[in-house]
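Engineer: Generate a structure from the sequence data that follows.
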Amino acid sequence: MKLDIAHVAQRAATGLLPEDSRVDALIADAFAHAATHSEGAVADYIPALASADPTLFGLSLVDVHGEAHEAGDSGVEFSIQSISKAFVYALLCDEVGHEEALATVGVNNTGLPFNSVVAIELNDGHPRNPMVNAGALATTALIPGADAEARWLTIQHGLSRFAGRRLELDEAVYQSEMAANQRNAAIAQLLESYGRIRQDPSEVVDVYTRQCSILVSAHDLAVMGATLADGGVNPVTGERVVSAEVARDTLAVMTASGMYENSGEWLFEIGLPGKSGVAGGIVCVAPGKGGIATFSPPLDAAGNSVRGQIATAYLSRALGLNLFASASHFTPKE
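Structural biologist: Numbering: from 1, shown residues only. This is a model prediction of the structure:
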C-alpha cells in the first residue's frame, strides 16, 4: 500500500473535529495531494463499470452535526457495489440482534479474496463475515420479507434512510452485473447446499446484485458513514436508522474485514473502519466524529481506489482520526 503520506504529521486527537475552517483547509490539501496520482485501472470485469471516467475524483467529510466539507466531484453518482455490504449488515443486525447475526454470518476475516469459494469449504459452509461475497449473500438472504421483491424494497429503503434521501437503482449496472454473475450464483448454491441459505439462491443473487447497483455519491456515503459515527442517528435528518449497539457492531466488522485480505494493512496505515467498492468508492468512519467518503474509479490490484486511499490516509493523519494514535500525557513528578 503506497500512500505517499510520509510528509503528513500524525496527530492524535480525541473528542470532536477541529473548527470548520481547519477541516475545509485539510480537505482541500488532501484532495490536491491525492489528485496528483494517476496510478490504477478502472474495473473492467463488470462491463458497465469499464466506461467510467478515470479523471473523476470526489472527497467528502460529513461530521456528526451534519456539516459537509467537500472537494471535487463529491456529487457525482456511481454504483455503491460492495460498500452496501456494511449497511445491509447493519439493517440485519437491527432486525435479528447481536447474537443471531454473529452465529449465522460471523465476524472473522477469511484471509482470502472476497469471492473465494475455498473459504466456504474450509469453514464447513460458514460464510465467516458479511464483508465477503458469501457473507453478504447470507446477510441479504436473512433480510425479512415475504419474497425477493419485499426484501429488495426493505434494503433500498434502509440504505436510503442511511443516506438521508431516496436512493435509486442503476438499471444498466444491474443488468451488466447479472449477465456476469456466475461466480456469485455458484457461491449462493454452495451456501444453500450447506443450509446457510434457505431461499431460492437465484433470487438471493438477484437482490444482492440490485443492492450493489444502487446509485450513491461521495456525499451520500459520507452521510451514511456519519450515521454510524453518531450511534446510528442520521446527522442530517435526525432519524435513528439503527441502534447504537448495531452501529458499534457494524464498525467492528468493518474494522476487521472491510478491506478484505488487506484489512490488516489498512488498519496499520490508516487506522479507521472502512469499506470499499469496485466502482471506486470508499467510506470510512471516525466514531463520534464523522464519515469520510471518496470516489475515484482507478483501482489498485486489490480493488481499492488509489486516490481514495491516499486522501483518506492524509485526513486520518492530519485530523488525528487514527484509532490507534496517541500522544503522551506524561508530566514529570516534582
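Engineer: Which SSE is immediately downstream of whichever helix or strand Arg22 is part of?
Structural biologist: Secondary structure assignment for Arg22, by DSSP states H and E: helix 20-35. The element immediately downstream of helix 20-35 (helix or strand, assigned by DSSP H and E) is strand 58-63.
Engineer: contacting residues around that next one?
Structural biologist: 16-17, 23, 27, 30-31, 34, 68-76, 217-219, 221-223, 225-226, 235-236, 289-296, 311, 315 (CB atoms under 8 Å, 6 or more residues apart in numbering). Any C-beta I mention is one placed from the backbone N, CA and C, and that applies to glycine too.
Engineer: Adjacent strands (with direction) for that strand?
Structural biologist: strand 68-72 (antiparallel), strand 290-295 (antiparallel) (DSSP bridges).
Engineer: For the protein, just list every one of the strands.
Structural biologist: Taking DSSP state E as the test, the strands found in the chain are 58-63, 68-72, 78-79, 215-216, 274-276, 281-286, 290-295.
Engineer: Can you give the strand pairings for the fourth one, parallel or anti for each?
Structural biologist: For strand 215-216, the paired strands and their directions (DSSP bridges) read strand 78-79 (antiparallel).
Engineer: tell me the mean pLDDT for the strand it pairs with?
Structural biologist: The average of the pLDDT scores along strand 78-79 is 98.
Engineer: Now do it: everything it contacts.
Structural biologist: By CB under 8 Å, 6+ apart, strand 78-79 touches 49, 52, 170, 173, 212-217, 277, 279-281, 295, 297.
Engineer: swap the cut-off to 7 Å and go again
Structural biologist: Contact with strand 78-79 is made by 170, 173, 212-216, 279-281, 295, as judged by CB atoms under 7 Å, 6 or more residues apart in numbering.
Engineer: Look up the closest residue to Ala41, ignoring the ones flanking it.
Structural biologist: Pro298 (5.9 Å; CB to CB, 6 or more residues apart in numbering).
Engineer: Which pLDDT does the model give that neighbour?
Structural biologist: Taking Pro298 on its own, its pLDDT is 97.
Engineer: Double-check it against Val42; I have them as touching.
Structural biologist: Yes - counting by CB atoms under 7 Å, Pro298 does reach Val42; the two are 5.9 Å apart.
Engineer: Compare these two (neighbour count), which wins?
Structural biologist: Pro298 (21 against 17; other CB atoms under 10 Å).
Engineer: if I pick the more buried one, what's in contact with it?
Structural biologist: Going by CB under 7 Å, 6+ apart, Pro298 touches 39-42, 54, 305-306.
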